[in-house]
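Student: Structure of the sequence below:
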Amino acid sequence: MKHKHLRRPKRKTWKQKFADSFSGFGEAVCGQSSFYVHLPMAAAVIIAALLLGNFDTVRWSILFLCIAAVITAEMFNTSIELLARAAATSYNPHIRRALNVASAAVLVMSAGAAAVGIILFAEAVWKVFSGN
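Tutor: Residues are numbered from 1 along each chain as shown. Here you go, the predicted model:
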């Protein structure tokens with residue numbers, strides 16, 4: 001005899017999976033103040049690249065990959081923070097260390113993306129002002 005609580009949950013449709021993904025994106029953006037910095041900065045970088053007018057497909061690809069990587073790192077950090085809140089009702093030094101590592105991952109990714117952005121924009125700006 002099969003027990004109801006031992007049955008596998010019904011598989012989600014692609015529509016449900018995408019709905020869950022968009023819900024998670026909204027949860028992260030609305031629930032985490034870091035996105036109030038990341039998203040406007042991403043928009044500013046995209047606008048700056050458009051205004052320069054000399055970004056080729058490789059530059060655009062690198063730019064969007066950097067933006068996606070930073071946002072993804074922040075989302076992983078947010079998910080770890082949410083899990084930590086659910087798992088612990090009191091201070092736990094192991095959870096604190098895990099949260100610090102997750103936060104450091106966002107910092108490293110952001111610094112790396114900024115370095116790549118400086119390289120991309122420095123050359124593009126140089127081309128504009130040198131006439132090449």
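Student: all helices of the protein, in order?
Tutor: Taking DSSP state H as the test, the helices found in the chain are 14-31, 35-52, 57-87, 93-130.
Student: Out of those, which one sits most buried?
Tutor: helix 57-87 (a mean of 16; mean count of other C-beta atoms under 10 Å). Glycine gets a C-beta too; all of them are placed from N, C-alpha and C.
Student: can you give me how far that one is from the chain middle?
Tutor: 2 Å (C-alpha atoms, centre = their mean, to the nearest Å).
Student: Also stretch 49-56?
Tutor: With C-alpha atoms, centre = their mean, you get 23 Å for stretch 49-56.
Student: Thought Arg85 was touching Ile95, still the case?
Tutor: No. Using C-beta atoms under 8 Å as the test, Ile95 is too far from Arg85 to be in contact (9.2 Å).
Student: follow-up on the earlier one: could the helices of the chain go into CSV alongside mean pLDDT and distance to Arg7?
Tutor: Converted to CSV, these look like this (pLDDT from 0 to 100; distance: least, C-beta to C-beta, whole Å):
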stretch, mean pLDDT, distance to Arg7
helix 14-31, 93, 18
helix 35-52, 95, 38
helix 57-87, 95, 24
helix 93-130, 94, 32
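Student: Kindly present those as CSV, with separate columns for distance to Arg8.
Tutor: As requested, the helices of the chain are arranged in CSV below (distance: least, C-beta to C-beta, whole Å):
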stretch, distance to Arg8
helix 14-31, 15
helix 35-52, 35
helix 57-87, 23
helix 93-130, 30
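Student: In contact with the most centrally placed residue in the chain, which residues?
Tutor: The chain has Ile71 as the residue nearest its centroid, 1.2 Å off, counting by C-alpha atoms, centre = their mean. Contact analysis of Ile71 by C-beta atoms under 8 Å, 6 or more residues apart in numbering lists Phe35, His38, Leu39, Ala42.
Student: how does it look with 10 Å?
Tutor: Shown in contact with Ile71 (C-beta atoms under 10 Å, 6 or more residues apart in numbering): Phe25, Ala28, Val29, Ser34, Phe35, His38, Leu39, Ala42, Val106, Met109, Ala113.
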